[in-house]
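> Provide a 3D model corresponding to the input given below.
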Amino acid sequence: MADTLFSKIINREIPANIVHEDDLCLAFRDINPQAPVHILVIPRKPLPRLADATSADRDLLGHLLLTANRIAVAEGIGDAYRLIVNNGADAGQSVFHLHVHILGGRSFTWPPG
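Numbering: from 1, shown residues only. Purely as a prediction, here's the structure:
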């Protein structure tokens, strides 16, 4: 996988407002927030899209979701937040490094798009 904006953030080549870091993932505030709280959770492992994950990534994917929940609680939005994973350009993915958006701090409607 080619270097992406997110791999450069992981490697500290580009600054980011990091809110969480562990051995499997990193989370930081989105630079173009779509809600009062908008944080991205990314795996350290370079997975371009969710569709590229395999059964070997099961624990990593679960870790990303559980980490997103812990971050939402820490940010004070643990009772009402939305998680989004865009898979592919037609779904709105612009950085091809798997990431989970945590959105909260306002009401959301359905359907989202």
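> longest helix anywhere in the chain?
Determined from DSSP state H, the single longest helix within the chain is helix 58-74.
> show residues contacting the helix or strand just after that helix.
Downstream of helix 58-74, the first helix or strand assigned by DSSP states H and E is strand 81-84. Strand 81-84 is contacted from outside by 35, 37, 65, 68, 72, 100-104, 108, 112, using C-beta atoms under 8 Å, 6 or more residues apart in numbering. No exception for glycine: its C-beta is placed from N, CA and C like everyone else's.
> among those residues, which lie within strands?
Residues of these located in strands (DSSP state E): 37, 100-104.
> what ranges in the chain fall below the confidence cut-off?
Low-confidence segments of the chain (pLDDT under 70): 1-2, 113.
> circling back to that earlier point, how about the CA coordinates for the longest helix of the chain, as PDB?
Output of helix 58-74 as PDB, limited to C-alpha atoms (Å, rounded to 0.1, in the frame of the first residue of the first chain):
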ATOM      1  CA  ARG A  58     -11.100  -9.900  13.200                       C
ATOM      2  CA  ASP A  59      -9.400  -8.900  16.500                       C
ATOM      3  CA  LEU A  60      -8.100  -5.700  15.000                       C
ATOM      4  CA  LEU A  61     -11.600  -4.700  13.700                       C
ATOM      5  CA  GLY A  62     -13.100  -5.400  17.100                       C
ATOM      6  CA  HIS A  63     -10.400  -3.400  18.700                       C
ATOM      7  CA  LEU A  64     -11.200  -0.400  16.500                       C
ATOM      8  CA  LEU A  65     -14.900  -0.500  17.500                       C
ATOM      9  CA  LEU A  66     -14.200  -1.000  21.200                       C
ATOM     10  CA  THR A  67     -11.600   1.800  21.100                       C
ATOM     11  CA  ALA A  68     -14.100   4.100  19.300                       C
ATOM     12  CA  ASN A  69     -16.600   3.500  22.100                       C
ATOM     13  CA  ARG A  70     -14.000   4.300  24.800                       C
ATOM     14  CA  ILE A  71     -13.100   7.500  23.000                       C
ATOM     15  CA  ALA A  72     -16.800   8.500  22.700                       C
ATOM     16  CA  VAL A  73     -17.300   8.000  26.500                       C
ATOM     17  CA  ALA A  74     -14.100  10.000  27.200                       C
END
